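Colleague: Turn this into a model:
(one chain, ligands or ions: 1)
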Amino acid sequence: MAGARRASIAMTEHSPNVAIIGAGPAGLMAAEILSDAGYAVSLYEAMPSPARKFLMAGKSGLNITNMREGEAFTSRFPSVAPMLKTALGEFGPAAIAEWMRALGVEATIGPTGRVFPVQMKASPLLRAWLARLQSHGVQLHTRHRWAGWSDDFDMIFDTPEGPISVQSDAQIFALGGGSSGQPSETRPGKTVAFKPSPQSSKPERREARIVARVWWVGCLQ
Ligand SMILES: Cc1cc2nc3c(=O)[nH]c(=O)nc-3n(C[C@H](O)[C@H](O)[C@H](O)COP(=O)(O)OP(=O)(O)OC[C@H]3O[C@@H](n4cnc5c(N)ncnc54)[C@H](O)[C@@H]3O)c2cc1C
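Modeller: Residues are numbered from 1 along each chain as shown. Below is the predicted model:
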């Protein structure tokens, strides 16, 4: 994109950098897992602050998971049931309660098995979560709306200072709307860019491949 400033994310040989677009709970969880695994993570969020829908979810009591549901839950999402089964096997209700406890938030179980933070609200959990991500070196860039790809196949973000282009080794899209589909530009496995190099006699392909698209499965959805 003409006129876009270029902000190349610091790259080191030993820590590939990953751009996560969308700082809802899905993006935050992806940031946690990748930063724990030693990746340099930059989170880009369109809004002035992260996880606004998550905070809204907490207004009437954040029902974060359900101790009783299992098959009954996954069967509600037939198209992704096998993936959900694997995910819940690795990070199920008990693990979520433990994860909250590690962030200083105790879980309480309601009569129907629904699990809530004791304060019912999402804000204490979010505050502790963001602090932990920051301590793991995750860089959060708010007011950065992903707007597509540049002519050089970098990511373009609209910011209050104008458009910028950003390079990263991999991109993860966590734009929300898990139940309503996502733009095809963010389909996992899609090659978003390639072009022959004008300097080289050999055609040189520059590619970026969408590695993943993630979303948070709200247990009330
Ligand atoms: C009133 C209400 C109550 C709810 N109650 C519960 C509940 O009790 N329990 C529960 O589990 N769930 C609940 N939910 C659902 C829960 O909020 C969602 O499941 C969850 O927020 C989805 O997380 P996500 O990260 O996939 O998407 P989102 O939370 O939607 O996050 C996506 C992020 O991507 C950003 N984004 C989008 N496009 C761009 C772009 N182009 N560039 C940069 N950033 C972008 C958005 O601004 C947003 O911050 C509730 C929802 C609502 C509205």
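
Colleague: Next one: residue 97 relative to the ligand, how far apart?
Modeller: Distance of residue 97 to the ligand, given as CB to the nearest ligand atom, to the nearest Å: 14 Å. C-beta here means a position set from N, CA and C on the backbone, and glycine is covered the same way.

Colleague: got the buried residues for whichever helix or strand that residue is part of?
Modeller: Under the criterion of DSSP states H and E, residue 97 resides in helix 93-102. Within helix 93-102, the residues scored as buried using 16 or more other CB atoms under 10 Å are 93, 96, 97, 99, 100.

Colleague: Quick check: mean pLDDT of that helix?
Modeller: Regarding helix 93-102, the rounded mean pLDDT is 92.

Colleague: who touches that helix?
Modeller: Helix 93-102 has contacts (CB atoms under 8 Å, 6 or more residues apart in numbering) with 64, 65, 66, 67, 69, 91, 106, 107, 115, 117, 125.

Colleague: could you point out which element follows the helix or strand bottoming out on mean pLDDT in the chain?
Modeller: Lowest by mean pLDDT, DSSP states H and E among the helices and strands of the chain is strand 5-8, with a mean of 50. Remark: after strand 5-8, the chain's next helix or strand is strand 17-21, criterion DSSP H and E.

Colleague: tell me the mean pLDDT over that next one?
Modeller: 92.

Colleague: List the contacts of the next helix or strand after that strand.
Modeller: Remark: after strand 17-21, the chain's next helix or strand is helix 25-36, criterion DSSP H and E. Contact with helix 25-36 is made by 18, 20-21, 23, 41, 43, 45, 50-51, 54, 129-130, 132-133, 136-138, 172, 174, 176, 178, 212, 214-216, as judged by CB under 8 Å, 6+ apart.
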